[in-house]
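S.K.: The following comprises the amino acid sequence and a computationally predicted model.
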Amino acid sequence: MYIKQCECAGDAVSITFADNQTQQFSLFWLRDHSTDKTSLNPSTMQRDVDTFSLPPSTAATRVSASDDGAVLRILWTDDDIVSEYRADFLYQMAVTPASKPAYRLWASELQNDVPDFDYQQVVDSEASFLAVLEAIEAYGVVTFSGMPSDMQATKKLLEQVGYIRETVFGGLWDFSNNQAHSDSAYTSVGIGLHTDGTYTIDPPGLQLLHCLAFDGEGGFNQFADGFKIAQVIKDEDPSAYQTLTQVKVPAHYIEPGIQLRGQHPVITENSAGDFEQICFNNYDRSPFMLSDEQQKAFYHAYGLFQKLLNDPAFQINFQLQPGRAVWFDNWRALHARTGFSGFRHLAGGYTNREDYISKLLTLRGQTPWHN
Ligand SMILES: [Fe+2]
């Protein structure tokens, strides 16, 4: 992008970009976003300018476009700093791109198309690992083949993202049907579709489940795309959708010495209006009261979400065998497990959402102002 024309009038600069879009930038905003070395640390991208000591009526002596319109230059009146702004950066700030979420909604048709990766290739190659993260970004669920059936492999995969999240269940955990914690994950009973950590303030980002041993029947892992369910409700019952985005549902986890509490709407949107997070776990929901009218609306909307989740048309399922793993976005994909007989031993762990996003952005080489 380049600047076609720029003009300072009053307390703002008017910029016309190459595509003829024009945007006003206030001088105060420009001074606050100056990229000169005394205003912005070039290596950490942290702001050094003291926003709060800038005069409200900051003024410019000269405003010009240089480098064939690739850069805007401003000479300020009240200090000798020359600020430079790349046209690309200004354009990015000025033009709100049409919302184009990176996710692709899916239902049962994904059954035979879940992105599958070879474990060794992924741990050996950053490019392959980026492909894994981009598949998680797109679908919220991927699988792995060829994993050694030991916890070193679980750990290695998790640490490709960063540090493993510590919770009351530990960091890197393994569980079998031995009832080691007061949670149904540690039994052999079926568990319906849910997201984990609805009782935390910041629910876990990614969850890895790695099968170390299985000698029995059943134990299918089921998944549903929470964003797809949200889209269906948004299209078909806007009032229920609104309820699910507005009512914060409290949840708890209790065991001796531990009482965790959190509350989240079932559906959260980001600032662009795209789906950002699904929190749904009826097992862990805490008692809470709403007004009669809100309560009716809530039970209707919550029931609709559950009804769609339980429709096989929205589900995929597979049985993890030793050497296989599934990694999924706990902010999007709801997971379940059917009951089983025999012995089943899984290992796994969580990573925080910001660490997964951080790794994705870093491997892609994205800068802070590129969304
Ligand atoms: Fe779970």
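M.R.: Right, received. Where do you want to start? Numbers count the residues shown, from 1 in each chain.
S.K.: May I see the buried residues of the helix or strand bottoming out on mean pLDDT in the chain?
M.R.: The helix or strand of the chain with the lowest confidence, counting by mean pLDDT, DSSP states H and E, is strand 173-176 at a mean of 84. Buried residues in strand 173-176, counting neighbours by 16 or more other Cβ atoms under 10 Å, are found at Trp173, Phe175, Ser176. Just so you know, the C-beta spots here come from the backbone N, C-alpha and C atoms, and that holds for glycine as well.
S.K.: Check which element follows it along the chain.
M.R.: strand 191-194 (DSSP states H and E).
S.K.: Give the other helices and strands that the following helix or strand past that following strand contacts.
M.R.: With elements assigned by DSSP H and E, the helix or strand that comes after strand 191-194 is strand 206-218. With contacts taken as 3 or more Cβ pairs under 8 Å, 6 or more residues apart in numbering; DSSP states H and E, strand 206-218 sits against helix 151-161, strand 325-329, strand 340-351.
S.K.: Let me know the average pLDDT across strand 206-218.
M.R.: Strand 206-218 shows a mean pLDDT of 93.
S.K.: What of stretch 307-326?
M.R.: Mean predicted confidence for stretch 307-326 is 96.
S.K.: Convert that stretch to PDB, retaining C-alpha atoms only.
M.R.: This file holds the C-alpha atoms of stretch 307-326, laid out as PDB (Å, rounded to 0.1, in the frame of the first residue of the first chain):
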ATOM      1  CA  LYS A 307     -30.200 -30.700  21.600                       C
ATOM      2  CA  LEU A 308     -28.100 -29.700  18.600                       C
ATOM      3  CA  LEU A 309     -24.900 -31.100  20.300                       C
ATOM      4  CA  ASN A 310     -26.600 -34.400  20.700                       C
ATOM      5  CA  ASP A 311     -27.700 -34.600  17.100                       C
ATOM      6  CA  PRO A 312     -25.400 -37.100  15.400                       C
ATOM      7  CA  ALA A 313     -25.500 -34.800  12.300                       C
ATOM      8  CA  PHE A 314     -23.100 -32.500  14.200                       C
ATOM      9  CA  GLN A 315     -20.800 -35.100  15.700                       C
ATOM     10  CA  ILE A 316     -17.700 -37.100  14.700                       C
ATOM     11  CA  ASN A 317     -16.300 -39.900  16.700                       C
ATOM     12  CA  PHE A 318     -13.400 -42.300  16.700                       C
ATOM     13  CA  GLN A 319     -11.700 -44.700  19.000                       C
ATOM     14  CA  LEU A 320      -8.200 -43.800  20.200                       C
ATOM     15  CA  GLN A 321      -5.800 -46.800  20.000                       C
ATOM     16  CA  PRO A 322      -2.300 -46.900  21.400                       C
ATOM     17  CA  GLY A 323       0.000 -44.700  19.300                       C
ATOM     18  CA  ARG A 324      -2.800 -42.300  18.400                       C
ATOM     19  CA  ALA A 325      -3.600 -38.900  19.800                       C
ATOM     20  CA  VAL A 326      -6.100 -36.100  19.400                       C
END
